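[1] Take this sequence and fold it.
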Amino acid sequence: MSVAAFKPVMSVEDMAAFFAQAFPQRGSQTRVTEIAPGRARVVFDPAEENLRPGNLVSGPTQMGLADHAAYAVILAHIGPVAMAVTSNLNFSFLRGVQLRTFHADARLLKLGKRLATVDVVLWQDDEANIVAQSTVTYAIPGNS
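    Purely as a prediction, here's the structure:
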């Protein structure tokens, strides 16, 4: 399916409101900055508590951002379905992430009635500086 076949149903503002309501415990470190057909961009501003020894952003923090970006791109295209859940996440660490803003670009690979698969690329400073890659599958609840 081409990217043009995917049509967003939520805006960046809709997404911010949904995340604030559904996840009030989350701070403002993570924010969706772009939504386009088949795509979403999420930005993360790490803090010292996100570091691992060696002053690099921890793996769980990076995986959390990839998962957040996958969830965002899926919801952007199906609407605010809070109970869509991660069913699989594969993650490759490519470079260390420094204590400064980094980004996750999520791209829908497949959007079905029950499953969605997303490719997520994490980058820092420049889109060409890819620090990690993830493939994330979400289970989408049915209307039963």
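[2] for the longest helix seen in the chain, packing partners?
    When the chain is parsed with DSSP state H, its longest helix is helix 59-78. If you count contacts as 3 or more C-beta pairs under 8 Å, 6 or more residues apart in numbering; DSSP states H and E, helix 59-78 packs onto helix 12-22, strand 30-36, strand 39-44, strand 85-93, strand 102-111, strand 115-123, strand 130-139. C-beta coordinates here come from the backbone N, C-alpha and C atoms, glycine included.
[3] Which residues belonging to the fifth one are considered buried?
    Applying a neighbour-count criterion of 16 or more other C-beta atoms under 10 Å, the buried positions in strand 102-111 are Phe102, His103, Ala104, Asp105, Ala106, Arg107, Leu108, Leu111.
[4] Okay, now the unreliable bits of the protein?
    Within the chain, the ranges that satisfy pLDDT under 70 run 1-4, 143-144.
[5] go with 50
    144 (pLDDT under 50).
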